[in-house]
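Student: Got a predicted model here, sequence first, then my questions.
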Amino acid sequence: MRAAPAVAGMKHNGIRTIMDLAMSGTRPDLIRLEIGEPGFPTPAHVVRAADEAAAAGRTKYTANAGIPELRAALSDKIKRVNGFDARPEDIVVTAGGVQALFATLTALVEPGDDILIPDPAWPNYIAFGKILGASTTAYSLAPETGFLPDLAELERLVTPRTKVLMLNSPSNPVGSVFPAGTLAELIAFAERNDLWIVSDECYDQVVFDDTFASTAAVGGAERTISVFTFSKTYAMTGWRIGYLAAPPSLAEIITRLQEPMVSCISTPGQYAALAALTGPQDEQRAMVETYRANRDLAVGEFAAHGFDVYRPQGAFYLWMRTGNRDLDGMEIAKRLITEHGVAVGPGPAFGERSGEYIRLSLAASADDLREGIRRICASGLLHPAGRF
Ligand SMILES: Cc1ncc(COP(=O)(O)O)c(C=O)c1O
């Protein structure tokens, strides 16, 4: 007997390798900058809403796509924040952004299809392809293009097998935000090649200026599935609540897919999400201000050590070139933990072209960030490499 080969052969992603090493407890003074989640607690009124929902007996299955009140509130949010129209019936509540992406790709791709994904990218994109029997082809987010997609490269990479163009803005791990003009070009590219666009906008409300635009607000709404989450916006990673907005025919298919995949999302959790959306937003705004202050602090500290690092416009990461030609980002990340007491995300986990990078989380305290950066710079493992 054997497990399915595509899945049995899947490797642990490299960020987990570093997290496991970080949690092994060998360095009590370890500074953890490898984690991709807010350090803040979930706002108290959100937790209370889940408590109250459970106490009131809201503990049964819901509709596959989520409770009507939440989908109506999400339709309002998408109009207000993302600037496009999505009817409540075209919105599906999911087990985090990750399951929104997986359900969407399950609905779209067949074995043998190809998915265009960024490099660097969140490692799960490659895993989705593997599970579904689809291939993934990486397009670069390179410093030369301001970490934005290069249309000429995409034109070279697209084939008759390409089914989906995956976009992620603000980007994890880079923090680049795709301007509306870039999105318009990407939509035109998708139209020319008859591609679906899966637009991962899980950091849509973790942005530091006003350049963020949602793909579906720029155009191509009939071929775009937009994916969002409560995890990052409201410090709700453990609640597992995300959502997607899809063109009507596809929303209906994904809704039906939810039955065998998850049936529905935790009912008290959906009421918590509703409270997060409709309640006070001051804590959410304060979190973004903290990430912005941390970004400025980190860029400034690195500059003081002679490193010209890319200034992210969204998400809460700093994507940094190591300038070390002898050791790759994984090797450097391991040595930073064991020899210097600071954990960072290893570049190679994010793509084959990202070996010379590490990722730092800005969702840490200012003190940890300052001390972590001091340790990184003092390690001698990174060399100023010119621009980014
Ligand atoms: C780019 C990106 N997309 C999607 C997600 C999904 O997050 P969640 O499943 O917690 O909503 C993450 C989480 O780190 C992410 O970085």
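Tutor: Yep, it's here.

Student: which bits of the stretch 151-300 of the chain sit near the ligand?
Tutor: Residues of the stretch 151-300 of the chain found near the ligand, taking Cβ under 6 Å from any ligand atom as the criterion, are 168, 172, 200, 202, 229, 231, 237, 242. Using the backbone N, CA and C atoms, a C-beta is placed for each residue, glycine as well.

Student: so the second one sits in a strand?
Tutor: No: secondary structure of residue 172 (DSSP: H, G, I helix; E, B strand; the rest coil): coil, not part of a strand.

Student: what's the most distant pair in the residues of the stretch 151-300 of the chain next to the ligand?
Tutor: Largest separation among those by Cβ to Cβ: 168 and 237, giving 17.3 Å.

Student: And the pLDDT at the residue in the stretch 1-150 of the chain positioned nearest to the ligand?
Tutor: Of the residues in the stretch 1-150 of the chain, the one nearest the ligand is residue 96, at a distance of 2.6 Å by Cβ to the nearest ligand atom. What the model reports for residue 96 is a pLDDT of 98.

Student: Make sure it is actually in contact with residue 229.
Tutor: Yes: the criterion here is Cβ atoms under 8 Å, and residue 96 meets it with residue 229 at 5.8 Å.

Student: on that earlier part again, which of residue 168 and residue 237 has more residues huddled nearby?
Tutor: In this view residue 168 and residue 237 are compared by other Cβ atoms under 10 Å, and residue 168 has more residues nearby, 26 against 17.

Student: For that one, grab phi and psi.
Tutor: Backbone geometry at residue 168, expressed as degrees, to the nearest 10, gives phi -150, psi 100.

Student: Please list all residues in contact with it.
Tutor: If you count contacts by Cβ atoms under 8 Å, 6 or more residues apart in numbering, residue 168 has them with 118, 121-122, 199-202.

Student: ok, now residue 218?
Tutor: When the contact criterion is Cβ under 8 Å, 6+ apart, the partners of residue 218 are 180, 183-184, 187.

Student: what's the burial count for residue 8?
Tutor: Here the number of neighbours of residue 8 (other Cβ under 10 Å) works out to 8.

Student: pretty sure it is touching residue 2, no?
Tutor: Yes: with the criterion set as Cβ under 8 Å, residue 8 and residue 2 qualify as a contacting pair; they are 7.0 Å apart.

Student: if we can go back for a sec, out of the contacts of residue 168, which are buried?
Tutor: The neighbour-count test (16 or more other Cβ atoms under 10 Å) applied to those identifies 118, 121-122, 199-202 as buried.

Student: among these, which are in strands?
Tutor: Taking DSSP state E as the definition of strands, the buried ones among the contacts of residue 168 contribute 118, 199-200.

Student: Which pLDDT value goes with residue 387?
Tutor: What the model reports for residue 387 is a pLDDT of 65.

Student: Residue 9 now?
Tutor: 81.

Student: contacting residues around it?
Tutor: Residue 9 is in contact with residue 130, counting by Cβ under 8 Å, 6+ apart.

Student: Distance check, it against residue 344.
Tutor: Between residue 9 and residue 344 the distance is 27 Å, computed by Cβ to Cβ, to the nearest Å.

Student: Residue 371 now?
Tutor: In terms of Cβ to Cβ, residue 371 sits 13 Å off from residue 344.

Student: How far does the lowest-mean-pLDDT helix or strand in the chain sit from its chain's centre?
Tutor: Between all helices and strands in the chain, the lowest mean by mean pLDDT, DSSP states H and E belongs to helix 5-8, at a mean of 86. Helix 5-8 has its C-alpha centroid displaced from the chain centroid by 24 Å (Cα atoms, centre = their mean, to the nearest Å).

Student: Comparing residue 371 and residue 344, which residue is more hemmed in?
Tutor: It is residue 344, of residue 371 and residue 344, that has more neighbours when counted by other Cβ under 10 Å, with 27 against 17.

Student: tell me the secondary structure for the more buried one?
Tutor: strand.

Student: likewise residue 227?
Tutor: strand.

Student: Quick check on the residue nearest to it when sequence neighbours are not counted: phi, psi?
Tutor: With sequence-adjacent residues excluded and distances taken as Cβ to Cβ, 6 or more residues apart in numbering, residue 227 is closest to residue 100, at 4.5 Å. Taking degrees, to the nearest 10, you get phi -60, psi -40 for the backbone angles of residue 100.
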